[in-house]
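**Student:** what's the 3D shape of this:
(2 chains)
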Amino acid sequence: MAKLRVGWFTFTCCEDSTILFTEMLNTHWNDWKDKIEFVNARILKANNKIENLDVSFIEGSISSQEQVDKLKEIRKNSKTVVAIGACACTAMPSGWRNSFDEETKEEIKFLIDRYSHLEKVEPLKTYITVDESVQGCPMNEERFLELMEKTLSNIEK
Amino acid sequence: MHQGNFDLTLDQITKIEGHAALTLKVKNGTVEKCTFEIPEYKRFYTQAVRGKNVTAIPQMVSRICGTCSNAHLLCSINAIEDALNITITEQTYKLRRLLNNGLIIRDHALHLYVFVLPDLYNRDSLLEFDEDIEEEHELVHDAFAIKEVGNLLAKWSGGRSVHAPAPTIGGFLMLPKNGEQEKLILKLELIRDKVIKIIKIFEKCNFEITEDILFSALQDDDYDFLGKTIITHENACVPARNYADHLEHVVKPYSQGSAYTYEGKTFMVGALSRMNLSKEGIHQNTKDAAASALNMFPSQNIFHNNLAQALEILHCLDDSIDILKKLEIKDEKPIPYTMKAGMGTGVIEAPRGTLYHRYSFDDNGMIINGDIIVPTGQNQICIEKSLWDFAQKNLDLPKEELSHEMEKLVRAYDPCMSCASHFLKLKIE
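**Tutor:** Sure, this is the predicted structure:
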């Protein structure tokens, strides 16, 4: 049986959903190990590729053009893209700076310029089509499991 | 040794928490540049907390880092309680200690099994261990079992293992149920042999990089990660609230993390420092079960940070069993307090080392300023020093192998880039 080719990516965030996901492996890996192949998961492995992905789970918001380019590359190589957690879905709480007053924006401007941040922190959907979302900070565990089961059953068909 | 010049760039260091990169430039057989870079984009939490009410701060700053979230939560609560002169009850202290123990068990197990162990077994990932080889099969299952017990302990004491909702200023919003302590004790006891096994694996591991650096940690008599005094192996003894006065911020223009020295010296925080400075406080059952491993400390071998973490898992397990055996939950409400202007400091030992939060706020509890110093920022200069020293001594290695070995060395420090990129120090310009 073909395995589900999975990518797990993160952008600007605290990676709480990534941690939650690694903890979900504690009780679910036995069921998933014959059904899932991690093609890209920086937290789990060194050899990572962005190609021919059945599903890409993406945590975090988008802060720079470099991230926009990578996000689009992931989208181009993924059948399904799932936004994981609050930052990917809404840009918050990583996007605090979007709502800073002018004085605070001026205070951080040198760093925005030095590290080539975009003017605003954005959710994934600003730049790509997102097929599914798992809201929450961290992500809602039950919703994620539902989605994983649905995706796995599609592969089995 | 390589003749001529060569560059080595590793854009994405894997099997660590967050995004990091390293660059090496060699000219005529000499390292000319070696940088450890944190390209994680800043989220400006130090600015974001200003003008927010202190009651919202613990849950807000726990979002600095997913894996260390409960350490940030507890540290910020400590800082606010310090400012408001709140003295917590014994039950609150014990529940916080259990929550922190759960974090240490889960977080160290993630690092040791998921990030480091593949290097010892020449595998790309723990998930690629050969299930037909008994030892490898067992280790995969040990990893999940130990991490899960750390999770359960944190869930029981704090309501969740990531961004725990129960801890609050003065106590707990929700309390765990009585009657579940025995089940937890049983689960903790069931993983004990597995933890002893991983201690032995790291005790035998021959990875070695020694560094002549300063080791620093919070001291406590019974190794509770919540002590009151900072000590160093040069016998400095600093009240925790004055810790930041001894740190100097160092600008690394290629890195979005803030780096530090301790009184101008390269220093290290984390499990290796704690074990070097406070191993007498380790639980007696851990001392009995792992005497030979404990005898390897004090150590200047950076890779012994892994062994120290394995020992800390066992200590937290034994400590938690002791606490749970005597803990009968009473229906306590958080200590009431009157809001007033103040400034407070919280310092705890997070899994990766000393974590410092300081806030000042007005009579309405609105934050005027916040300052947060994380372990990875404190270790950043030391990480670079080790990478530089290692590269200079091993230029004869094939580039791919050199890159892999340098990545292993970074992993030994267990850096956390989510923490490191949360904020900035404005006085750097």
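**Student:** how far away is the closest residue to residue B:241 other than its chain neighbours from chain A?
**Tutor:** Closest residue to residue B:241 apart from its sequence neighbours, by CB to CB, 6 or more residues apart in numbering or on different chains: residue B:345 at 4.1 Å. For every residue, glycine as well, the C-beta is placed using N, CA and C. Distance, residue B:345 to chain A, by CB to the nearest CB, to the nearest Å: 23 Å.
**Student:** surely residue B:345 meets residue B:358?
**Tutor:** Yes - here residue B:345 lies in contact with residue B:358, judged by CB atoms under 8 Å, at a distance of 4.7 Å.
**Student:** so what's in contact with the two at the same time?
**Tutor:** Listed contacts common to residue B:345 and residue B:358 are residue B:79; contacts here mean CB atoms under 8 Å, 6 or more residues apart in numbering or on different chains.
**Student:** looking at residue B:421 now. What's its pLDDT?
**Tutor:** Looking at residue B:421, its pLDDT stands at 67.
**Student:** what's the answer for residue B:9, then?
**Tutor:** 88.
**Student:** got a list of what it touches?
**Tutor:** B:21, B:22, B:23, B:24.
**Student:** for the residues you listed, give me a markdown table that also has neighbour count, secondary structure and pLDDT.
**Tutor:** Output for the contacts of residue B:9, formatted as a markdown table (neighbours: other CB atoms under 10 Å in any protein chain shown; DSSP: H, G, I helix; E, B strand; the rest coil; pLDDT from 0 to 100):
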| residue | neighbour count | secondary structure | pLDDT |
| --- | --- | --- | --- |
| B:21 | 17 | strand | 88 |
| B:22 | 22 | strand | 90 |
| B:23 | 16 | strand | 92 |
| B:24 | 23 | strand | 93 |
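**Student:** in three-state terms, label the residue nearest to residue B:241 for me.
**Tutor:** Here residue B:345 is recorded as strand under DSSP: H, G, I helix; E, B strand; the rest coil.
**Student:** before we move on, the earlier item: closest to chain A out of the contacts of residue B:9?
**Tutor:** Using CB to the nearest CB, residue B:21 is the member of the contacts of residue B:9 that lies nearest chain A, at 11.8 Å.
**Student:** identify the bridge partners of that closest one.
**Tutor:** Following DSSP bridges, residue B:21 is listed with bridge partners residue B:37.
**Student:** all strands of chain B, in order?
**Tutor:** With strands called from DSSP state E, chain B shows them at B:6-10, B:21-27, B:30-37, B:167-168, B:171-172, B:214-219, B:229-232, B:237-239, B:247-250, B:259-262, B:267-268, B:342-350, B:353-361, B:367-373.
**Student:** may I see those strands organised as CSV, with distance to residue B:159 added?
**Tutor:** Output for the strands of chain B, formatted as CSV (distance: least, CB to CB, whole Å):
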stretch, distance to residue B:159
strand B:6-10, 39
strand B:21-27, 36
strand B:30-37, 36
strand B:167-168, 8
strand B:171-172, 9
strand B:214-219, 25
strand B:229-232, 30
strand B:237-239, 32
strand B:247-250, 33
strand B:259-262, 33
strand B:267-268, 33
strand B:342-350, 19
strand B:353-361, 21
strand B:367-373, 23
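**Student:** the ones you listed: lowest mean pLDDT?
**Tutor:** Looking at those, the bottom one is strand B:229-232 with a mean of 82.
**Student:** which regions of the chain lie under the pLDDT threshold?
**Tutor:** This is for chain A. A:156-157 (pLDDT under 70).
**Student:** my bad, the chain I had in mind was chain B
**Tutor:** Filtered on pLDDT under 70, chain B yields the residue ranges B:1-4, B:421-429.
**Student:** and the closest residue to chain A within it, how many neighbours does it have?
**Tutor:** Distance from chain A to each residue of chain B (CB to the nearest CB) is smallest for residue B:66, at 3.0 Å. Residues lying near residue B:66 (other CB atoms under 10 Å in any protein chain shown) number 28.
**Student:** how close does it sit to residue B:42?
**Tutor:** Applying CB to CB, to the nearest Å, the value for residue B:66 to residue B:42 is 17 Å.
**Student:** ok, residue B:154 next?
**Tutor:** Relative to residue B:42, residue B:154 is positioned 28 Å away (CB to CB).
**Student:** and if you look at residue B:283?
**Tutor:** Relative to residue B:42, residue B:283 is positioned 39 Å away (criterion: CB to CB).
**Student:** repeat for residue B:230
**Tutor:** From residue B:230 over to residue B:42 the distance is 27 Å, taken as CB to CB.
**Student:** what's the answer for residue A:41, then?
**Tutor:** Residue A:41 sits 24 Å away from residue B:42, going by CB to CB.
**Student:** of those two, who's got more company?
**Tutor:** Using other CB under 10 Å as the criterion, residue A:41 and residue B:42 rank with residue B:42 on top: 26 against 21.
**Student:** could you verify my assumption that that one touches residue A:115?
**Tutor:** Yes - if you go by CB under 8 Å, residue B:42 and residue A:115 touch, sitting 7.1 Å apart.
**Student:** got a list of what the nearest residue to residue A:50 once chain neighbours are set aside touches?
**Tutor:** Of all residues not flanking residue A:50 in the chain, residue A:77 sits nearest, at 5.1 Å (CB to CB, 6+ apart). Residues near residue A:77 by CB under 8 Å, 6+ apart: A:50, A:51, A:52, A:53, A:56.
**Student:** filter those residues to the buried ones?
**Tutor:** A:50, A:53, A:56 (16 or more other CB atoms under 10 Å in any protein chain shown).
**Student:** from these, which land in strands?
**Tutor:** Filtering the buried ones among the contacts of residue A:77 for strands - DSSP E - leaves A:53, A:56.
**Student:** among the buried ones among the contacts of residue A:77, which one sits closest to chain B?
**Tutor:** residue A:50 (11.7 Å).
**Student:** which of the three states applies to residue A:108?
**Tutor:** Criterion first, three-state DSSP; result for residue A:108: helix.
**Student:** how near is it to residue A:153?
**Tutor:** Plainly put, residue A:108 is 46 Å away from residue A:153 if you go by CB to CB.
**Student:** so between those two, which is more surrounded?
**Tutor:** In terms of neighbours (other CB under 10 Å), residue A:108 is the more surrounded of residue A:108 and residue A:153; the figures are 19 against 9.
**Student:** look up phi and psi at the residue lying closest to that one once chain neighbours are set aside.
**Tutor:** In space, and not counting its chain neighbours, residue A:108 is closest to residue B:44: 5.8 Å by CB to CB, 6+ apart. When read as degrees, to the nearest 10, the backbone of residue B:44 gives phi 60, psi 50.
**Student:** next, count neighbours for residue B:44.
**Tutor:** Residue B:44 has 25 neighbours, counted by other CB under 10 Å.
**Student:** looks like it contacts residue A:105 (just checking).
**Tutor:** No - in this structure, residue B:44 is not within contact of residue A:105 by CB under 8 Å, at 9.9 Å.
**Student:** need the overlap of contacts for the two.
**Tutor:** The contact sets of residue B:44 and residue A:105 overlap at residue A:97 (CB under 8 Å, 6+ apart).
**Student:** circling back: between residue B:42 and residue A:115, which contacts overlap?
**Tutor:** Both residue B:42 and residue A:115 are in contact with residue B:256, where contact means CB under 8 Å, 6+ apart.
**Student:** residue B:246 is in contact with residue B:265, isn't it?
**Tutor:** No - with contact defined as CB under 8 Å, residue B:246 does not count as touching residue B:265 (9.9 Å).
**Student:** who's more crowded, these two?
**Tutor:** residue B:246 (18 against 15).
**Student:** ok, that one - contacts?
**Tutor:** Neighbouring residues of residue B:246 by CB under 8 Å, 6+ apart: B:230, B:236, B:238, B:262, B:263.
**Student:** try residue B:367
**Tutor:** Contacts of residue B:367 by CB under 8 Å, 6+ apart are B:49, B:50, B:51, B:52, B:53, B:54, B:57, B:359, B:360, B:361.
**Student:** ignoring the adjacent residues along the chain, who's closest to the third one?
**Tutor:** Right, residue B:51. residue B:366 (5.8 Å).
**Student:** for chain B, what is the nearest residue in chain A?
**Tutor:** Chain A approaches chain B most closely through residue A:16 (3.0 Å), counting by CB to the nearest CB.
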